[in-house]
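> Please find the sequence and the predicted model below.
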Amino acid sequence: MSLDYLWQITGPMLEGAKTTVLLFFLAIITSIPLGFVFTLMVRSHVKPIAWFANGYIYVLRGTPLLLQMLFICFGLPVIPVIGEYLVMDRFAAAALAFTLNYAAYFAEIFRGGLLAIDKGQYEAAQVLGLGRWHTMTRIVLPQMFRIALPAVSNESITLVKDTALLYAVAVPELLHFAQTAVNRDFTIVPFIVAGVIYLFMTLLLTLLFKALERKFKFE
C-alpha cells in the first residue's frame, strides 16, 4: 500500500463525503425544528392534533429509516393518479426521509426534556407575572435544551452514520466510492479510509456538543 494509492482512493471518497455532509446539515436544520413542533402538538389540548402527532412519532420511530427512504423514493411515484406528481430526485427523497424520521426522534427527546422540568418552574414564572410566551422562551426552553443536549448529540452522531443509507438508493456518497474501490482493487483499505473519515466527522461533532454542554452547564 503506497501513499499514491491512498491519495488516489481518498480523493473520490472526500468528494462523496461532501454529499454526506450536505445530507447531514439538511436533515439537522430541518428535523430539529420540526421535531419541536411535533413535541408541542403532542402536548396540545386539541385531541385530534395530539393523536396525529403521537401516531406520526409511533410510525416513524417504529419502522426502519431505510424502508421510509425506499417508500418515498420508489413507492410514492407508483401511487395511482397522484404518483406522477410525487416523483423526486433521489437525494431530495432521501433528505425528506431523513428529516421526517429524525423529527420523530427529536420530538421524543424534546418531550422528555420538557417532562424533566419541575412544575415549580411554571408556578414561579406565574408568581413573577410572566406570560406563557415569556415563560416558555426565558425559563422552559433553555432548561429543556440543556437537558436534551446529550441525547441530541447522540442522535446527531447516529445521523452521520445513517447517511451511508444513501448507498441503497444509488446516490454516490462516501460509502459508495469506498465500495467501488474495494470491488475494483480487491482490498479492504478503502473501507478503512472510509471508517477514518466517518470517525473524523463524528469527532468534530462530539467536540462541538461537548463545548455546548460545558457552556450550558456553567450558565
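Ah, there it is.
> which helices and strands sit right next to the host helix or strand of Arg214?
In the assignment (DSSP states H and E), Arg214 maps to helix 189-218. Here helix 189-218 touches helix 3-42, helix 141-162, helix 174-185, going by 3 or more C-beta pairs under 8 Å, 6 or more residues apart in numbering; DSSP states H and E. Where you see a C-beta, it was placed from the backbone N, CA and C, and this is true even at glycine.
> Now do the buried residues in that helix.
Going by neighbour count (16 or more other C-beta atoms under 10 Å), the buried part of helix 189-218 is Pro190, Val193, Ala194, Ile197, Tyr198, Met201, Leu205, Phe209, Leu212.
> hmm, back to that, will you turn the helices and strands packed on helix 189-218 into TSV that also has mean pLDDT, distance to Glu108 and mean neighbour count?
Converted to TSV, these look like this (pLDDT from 0 to 100; distance: least, C-beta to C-beta, whole Å; neighbours: other C-beta atoms under 10 Å):
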stretch	mean pLDDT	distance to Glu108	mean neighbour count
helix 3-42	91	8	17
helix 141-162	89	9	17
helix 174-185	88	28	18
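> before we move on, back to that, looking at the buried residues of helix 189-218, spot the one nearest Phe36.
If you rank the buried residues of helix 189-218 by distance to Phe36 using C-beta to C-beta, Leu212 comes first, at 16.8 Å.
> What residues does that closest one make contact with?
The contact partners of Leu212, by C-beta atoms under 8 Å, 6 or more residues apart in numbering, come to Leu149.
> separation between it and Ser153?
Going from Leu212 to Ser153 by C-beta to C-beta, to the nearest Å gives 8 Å.
> Identify the contacts common to those two.
With contacts defined as C-beta under 8 Å, 6+ apart, no residue is shared by Leu212 and Ser153.
> Please tell me the pLDDT value assigned to Arg132.
Note for Arg132: predicted pLDDT of 72.
> now swap in Gly83 and tell me
If you check Gly83, the pLDDT there is 83.
> so it touches Ile72, yeah?
No - at 12.0 Å, Gly83 does not count as touching Ile72 under the criterion of C-beta atoms under 8 Å.
> Out of the helices and strands packed on helix 189-218, which gets nearest to Ala94?
helix 3-42 (6.7 Å).
> from the chain's centre, how far out does the helix or strand that the closest one is followed by sit?
As assigned by DSSP H and E, the chain's next helix or strand after helix 3-42 is helix 47-62. With C-alpha atoms, centre = their mean, to the nearest Å as the basis, helix 47-62 stands 18 Å off its chain's centre.
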